[in-house]
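J.: generate a structure from the sequence data that follows.
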Amino acid sequence: MSAFLACGVVGLELDAEERRLLSELQPAGVVLFARNVADREQLASLVRELRELPSGPYVAIDLEGGRVNRLEGLIGPLPAAADAARAGTHAVRALAEGAGAACAHLGIGVDLAPVLDVARPEGFLAMEGRCLGSSADEVRAAAGAFLEGLSVYGVTGCLKHYPGLGSGRVDSHRDLPLLDETVFEDRELFRSLVGRGRAVMVAHALAPVLGEAACPTSLSRTVVARLRAFAAPILADDLEMGALSAYGSLPERAAAALAAGCDQVLVCNALPARQEVAEHVESTARRDPVLAATLRHAAARSEGFGRNELGEVAWDRVLELADRARALAGAKP
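T.: Here you go, the predicted structure:
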């Protein structure tokens, strides 16, 4: 069982070959994207099929608001996190309730949000409107409201991107960000909000001020170790991102992230590599008793994650909540 793997799937439904592969791999989780969404009935059917796989994986999706909204085709645009935060914590909570209600209706147990990165001058994420504030206190209050909004419907959040990408000036999907000394303050945000079943997603960035100059944060035992005192699953961000291009093949990156202390790795788009990643990690663990023990501990830490009982919510109510989130943030429908 690949309890260390969370992966994407190809399209709108599982064909026989993909169903066989997932049944063999038994991933811990499946992450959905816009390519998996046609209409409400189709998506609910796909989610049911995924949850009925032998490993009973959690199903996750990115619903931050703004440009990161995989359900826009079903619920329309949602306000960006920055816009909601400027309107107040009530607007942030409304944004999360809209996202949480949609997830619960569809059977999706995990929203890969909120973003805890502090908007720093010239930071890439701030320019994208994905940050909830320009100070740690602002982000802490807004992120708390977001998590409360998700919890109304039983949906689990994921805090990202540890230790804080706010000072990074490049997009980690393409390049490796360099974090400055403000990451010390940013990191404490995660420590203040982690727990209660929430996951933490580790970024791919360089943070030499945290004692690791040789490799990205997601591959660093020095950086990841600080999270392992908390009873929360630790996810390495998508392994395919350009920030890791100089750090080996996808299977090698996966083994390195898990050896560093991450509990799960994401393989979201390079779908032909899913099996190769799983086989490489498993074969490496057979030769490395330390990694084998780390994987066993990781599986225990992640047990039950994202499988909360979800609230029942009618689709009309989902649409009402999305409208309310737009209205409170001053966004156009």
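J.: so who does Glu128 touch?
T.: Contacts for Glu128 (CB atoms under 8 Å, 6 or more residues apart in numbering) come out as 66-67. Any C-beta I mention is one placed from the backbone N, CA and C, and that applies to glycine too.
J.: measure it to Ala104 for me?
T.: Per CB to CB, to the nearest Å, Glu128 is found 27 Å from Ala104.
J.: and the strands in the protein?
T.: 5-7, 29-32, 58-61, 63-65, 68-69, 110-111, 156-162, 199-202, 234-236, 264-267 (DSSP state E).
J.: ok, which of the ones you listed comes nearest Arg326?
T.: strand 63-65 (9.8 Å; CB to CB).
J.: list of residues touching that closest one?
T.: 69-71, 78-81, 83-84, 95, 99, 102-103, 111-115, 130, 325.
J.: could you do stretch 18-31 as well?
T.: Contacts of stretch 18-31 (CB under 8 Å, 6+ apart): 1-10, 14, 49-50, 53-55, 57-62, 110, 112, 264, 266, 268, 274-275, 278, 299, 302, 305-306.
J.: what's the angle from the longest helix seen in the chain to strand 156-162?
T.: When the chain is parsed with DSSP state H, its longest helix is helix 89-106. Per axes from the mean of the first three to the mean of the last three CA atoms, to 10 degrees, the angle that helix 89-106 makes with strand 156-162 is 120 degrees.
J.: now the closest residue to Glu64 other than its chain neighbours: phi and psi?
T.: Setting aside the residues directly before and after it, Glu64 is nearest to Ala113 in space (CB to CB, 6 or more residues apart in numbering), at 4.4 Å. Note on Ala113: its backbone torsions stand at phi -160, psi 160 [degrees, to the nearest 10].
J.: let me know the pLDDT of the residue of the chain most remote from its centre.
T.: Most distant from the centre of the chain: Arg287, at 30.0 Å, with distances by CA atoms, centre = their mean. Note on Arg287: pLDDT of 96.
J.: got a list of what it touches?
T.: So Arg287 contacts nothing (CB under 8 Å, 6+ apart).
J.: look up how far Arg93 lies from it.
T.: In terms of CB to CB, Arg287 sits 49 Å off from Arg93.
J.: give me the below-cutoff pLDDT ranges for this protein.
T.: The chain contains residues with pLDDT under 70 at 331-333.
J.: make it 80
T.: 1, 196, 231, 331-333 (pLDDT under 80).
J.: at the geometric centre of it, which residue do we find?
T.: So for the chain, CA atoms, centre = their mean, it's Leu112, sitting 3.5 Å from the centre.
J.: before we move on, back to that, now do the contacts for the residue nearest to Glu64.
T.: So Ala113 contacts 62-65, 68, 81, 96, 99, 146, 150, 157-158, 160 (CB under 8 Å, 6+ apart).
J.: closest to Thr182 among the residues you listed?
T.: Using CB to CB, the contacts of Ala113 come closest to Thr182 at Lys160, 17.0 Å.
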